[in-house]
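*Asks:* Sequence and predicted structure, then a few things I'm wondering about:
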Amino acid sequence: MKTLEISYLFECFTPYFEGGLLVWNHRPETHFKNLHGFKVWNARFSGERAFTALDGGGYHYGAINRSFFKLHRVLWAMHSGEWVHKLDHKNGVKTDNAILNLRHTTPSKNARNAKRSKANTTGATGVYLRPNGRFQATLRTDAGMVTLGTFSSLGLAKDARRKAQTTHGYSERHGEA
């Protein structure tokens, strides 16, 4: 994972943590190869919002010294003083980078806040139609995949899955479209 010194980030940006955005500062001449680059860059970008482009995954991103960074990662680093490997948008909205909507997490806990897969055919995460016409409910836990049972109806399988999700710390919005 690419990182920059946190102090360098503060030379580049003014963070607005509550709103989840960055504004370019008037950057010092030491950030540039020559005086011309310094003058041109500051005339064009100083005071403007930074990282407004969206990547293919729907996250805001931008470049610092020709290296690309995601907005939520830079905001988190500036707020917490450290770069972390995994961040989660609590509400699932990738463009909502307010610091209160971000949390440091593990990959397994982040998966517990995931949207429903586009490949899902039953409309319920972790519920599958078996060849015998019954519905099987499963759940991934810290110990591995657990089969919750097979059920005669989709509704019963969904109920079993919802109850297990609550027990194992999944977010309320896990599996929503």
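*Replies:* Nice, thanks for sending it over. Keep in mind it's a predicted model, so treat the numbers as computed, not measured. Numbers count the residues shown, from 1 in each chain.

*Asks:* which helix is the longest one in this structure?
*Replies:* Criterion DSSP state H: the longest helix present in the chain is helix 154-167.

*Asks:* Buried residues of that one, list them for me.
*Replies:* By neighbour count on 16 or more other Cβ atoms under 10 Å, the buried set for helix 154-167 is 156-158, 160-162, 164-165. To be clear about C-beta, it is placed using only N, CA and C from the backbone, and glycine gets the same treatment.

*Asks:* same deal with stretch 28-39?
*Replies:* Using 16+ other Cβ under 10 Å as the test for burial, stretch 28-39 gives 31-32, 38.

*Asks:* and what of stretch 74-91?
*Replies:* Neighbour-count burial for stretch 74-91 flags 74-78, 83, 87-89 (criterion: 16+ other Cβ under 10 Å).

*Asks:* Which one of these is nearest to Tyr16?
*Replies:* Of all these, the one with the least separation from Tyr16 (Cβ to Cβ) is Leu75, at 8.8 Å.

*Asks:* surely the closest one meets Leu22?
*Replies:* Yes - assessed by Cβ atoms under 8 Å, Leu75 is found in contact with Leu22 at 6.9 Å.

*Asks:* which residues do those two both contact?
*Replies:* Listed contacts common to Leu75 and Leu22 are Pro15; contacts here mean Cβ atoms under 8 Å, 6 or more residues apart in numbering.

*Asks:* Walk me through the domains of the chain.
*Replies:* 6-105, 115-167 (automatic domain parsing).

*Asks:* Make CSV from those domains and add mean pLDDT to it.
*Replies:* Shown next, in CSV, are the domains of the chain (pLDDT from 0 to 100):
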stretch, mean pLDDT
domain 6-105, 96
domain 115-167, 86
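
*Asks:* ok, the buried residues of stretch 74-91 vs Thr125, which is closest?
*Replies:* For those, the residue nearest Thr125 by Cβ to Cβ is Asp88; the value is 16.7 Å.

*Asks:* Pretty sure that closest one sits in a helix.
*Replies:* No - counting by DSSP: H, G, I helix; E, B strand; the rest coil, Asp88 is not part of a helix but strand.

*Asks:* For beta bridges, what are the partners of it?
*Replies:* On the basis of DSSP bridges, Asp88 is bridged to Arg103.

*Asks:* any idea how far Asn25 is from Phe10?
*Replies:* 8 Å (Cβ to Cβ, to the nearest Å).
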